[in-house]
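Student: Got a sequence here, can you model it:
(one chain, ligands or ions: 6)
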Amino acid sequence: MIKLSTLFQPVLVLFFLLLWGEVHGQTLGAHIVRTPRQDYQQNPHRRQQNGNNNNNGKKDTSAFNIVNGQILTPGLAILDAPQPFTPMGGDFLHIAIDVSGNGKLPVPPRAIDDPLTQFFNITLFLTSNVLLKNFTISNITTSTPPFANIMDQESGQTVKHINFEWPDCLVGDGKEDIGTTARGEYNISIHQNFRLNGSDHYSIFNLPISVTNSISQFPGAGQLLTKPPPGPLNANGGRMSCEMISNRLRNITELVNSVNNPPGQPYQDIAIETTAKNQGGQVGGPGTTNNGGGGNIGNNGGNAQGVVGAGTKAFKGRVWDSAAFAAVVTLATTVTW
Ligand SMILES: *[C@@H]1O[C@H](CO)[C@@H](O)[C@H](O)[C@H]1NC(C)=O
Ligand SMILES: *[C@@H]1O[C@H](CO)[C@@H](O)[C@H](O)[C@H]1NC(C)=O
Ligand SMILES: *[C@@H]1O[C@H](CO)[C@@H](O)[C@H](O)[C@H]1NC(C)=O
Ligand SMILES: *[C@@H]1O[C@H](CO)[C@@H](O)[C@H](O)[C@H]1NC(C)=O
Ligand SMILES: *[C@@H]1O[C@H](CO)[C@@H](O)[C@H](O)[C@H]1NC(C)=O
Ligand SMILES: *[C@@H]1O[C@H](CO)[C@@H](O)[C@H](O)[C@H]1NC(C)=O
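Tutor: Ligands and ions are numbered 1, 2, ... in the order given. You can find the predicted model right below:
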């Protein structure tokens, strides 16, 4: 019998109690999955107006849904940057998108296929109804960023970075006459194909930005050190001509008709569930509490004889992590005392 140091025992007791509280907390919603929803319920006015296209067949007037600086979309993507209405310029447009639901979904090189919840793909466009523009940012055509599939870049990273080199018609320093360039108000338009709770969806989310800060014709060489490398570039390594990356601009009716939105915001309204996998997780079945008892945690510590992984199936993905901790502690206490 291994004897733990007398100092370590009370620490372990405290640790166990804290973890146990966490496991029970899951069902009520202290986890990241629920935090935004609670946050929204408490602060419904955080949803500001933006009229993004997240309704099927009708224009949605719901708001930007920003939680701790992250912008939730009507899809699995969570935008880390930029924030809405940011005035932008410089060498290139930098966009950061969490494609893992803040760690709930696997990212390549791990298999992302799942019958319940998975990303299929994301494409991005820089669009303006005002200026009648629709530029390709990323459309899964080449293997060179940003046209490449963003899911396959930055292997293993949950946040994918898109560095879109401003095309030539956006060059300016704010002193040019109105109408001589294509500078002005744009949307970063994010198209997502994904599966949520077993159903496939397609959503479009528009993030407004202003292309009003200075953009020079010849970006500094320093940008070449950026990863992923900014693009697209023309044959001479300079800014692309806008015509080369232009798409037909669809009107709002066409866009609304094209989407197949989920019934609610993933993460907030529809808890993310993936199918149980046998790649790890809780060792042993669920334990039982002992009711205080002066910190004697050895007696009812739990069932450590369970088959590896058997308990996992009973837990959906969002619960297993804390449960696993508790089970590990349970196992430890059973073995050592
Ligand atoms: C994106 O995913 C959808 C749904 O699976 C598929 O139909 C479409 O072909 C994909 N697009 C690209 C460019 O891979
Ligand atoms: C951005 O998209 C919204 C709809 O999502 C639209 O109302 C707005 O006019 C667009 N802005 C520009 C500059 O195109
Ligand atoms: C992707 O965008 C580029 C630039 O706009 C365009 O040349 C290409 O045809 C597009 N690919 C597809 C599949 O739409
Ligand atoms: C921009 O072009 C792409 C590719 O053709 C299309 O999927 C998207 O709906 C267009 N967006 C707008 C606002 O027209
Ligand atoms: C939107 O575009 C479609 C296809 O080009 C066209 O039939 C329709 O009349 C347009 N709607 C509006 C409101 O402009
Ligand atoms: C998930 O899908 C199941 C089966 O279609 C359904 O019963 C359940 O209500 C869905 N959950 C949510 C939160 O939409």
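Student: Touching, Ile137 and Pro146? I think so.
Tutor: Yes - Ile137 is in contact with Pro146 according to CB atoms under 8 Å; the separation is 5.8 Å. Backbone N, C-alpha and C define where each C-beta goes, glycine included.
Student: Which parts of the protein are strands?
Tutor: Counting by DSSP state E, one finds strands in the chain at the ranges 48-49, 63-67, 70-72, 78-81, 86-88, 92-98, 118-128, 133-138, 159-165, 184-196, 199-211.
Student: Nearest to ligand 6, out of those?
Tutor: Ranking those by proximity to ligand 6 (CB to the nearest ligand atom) places strand 199-211 first, at 7.3 Å.
Student: Quick check: residues of this structure near ligand 4?
Tutor: Of all the residues in the chain, those in contact range of ligand 4 (CB under 6 Å from any ligand atom) are Phe125, Thr127, Asn134, Ser189, Asn247, Leu249, Arg250, Leu255.
Student: The same query, at a cut-off of 8 Å, please.
Tutor: Among all residues of the chain, those adjacent to ligand 4 (criterion: CB under 8 Å from any ligand atom) are 123, 125, 127, 129, 134, 136, 139, 187, 189, 191, 204, 247-251, 254-255, 258.
Student: of those, buried ones?
Tutor: Buried subset of the residues of the chain next to ligand 4 (neighbour count, 16 or more other CB atoms under 10 Å): Thr123, Phe125, Thr127, Asn134, Thr136, Asn139, Asn187, Ser189, His191, Ile204, Leu255.
Student: Roughly how far does the second one sit from ligand 1?
Tutor: Just to be clear, that refers to Phe125. When CB to the nearest ligand atom, to the nearest Å is applied, the distance between Phe125 and ligand 1 equals 13 Å.
Student: Touching, that residue and Pro146? I think so.
Tutor: No - under the criterion of CB under 8 Å, Phe125 makes no contact with Pro146, lying 11.3 Å away.
Student: which neighbours do those two share?
Tutor: Contact criterion CB atoms under 8 Å, 6 or more residues apart in numbering; residues bridging Phe125 and Pro146 by contacting each: Ile137.
Student: So out of everything in the stretch 1-150 of the chain, what residue is nearest ligand 5?
Tutor: Distances from the stretch 1-150 of the chain to ligand 5, computed as CB to the nearest ligand atom, single out Asn129 as the nearest residue at 11.0 Å.
Student: Ok, the stretch 151-300 of the chain next?
Tutor: Asn251 (3.7 Å).
Student: Enumerate every residue touching that residue.
Tutor: Contact partners of Asn251, counting by CB under 8 Å, 6+ apart, are absent.
Student: that older thread, common neighbours of Ile137 and Pro146, please.
Tutor: Common neighbours of Ile137 and Pro146 (CB under 8 Å, 6+ apart) are Leu124, Ile162, Phe164.
Student: okay, the last one: pLDDT?
Tutor: Here, the pLDDT recorded for Phe164 equals 98.
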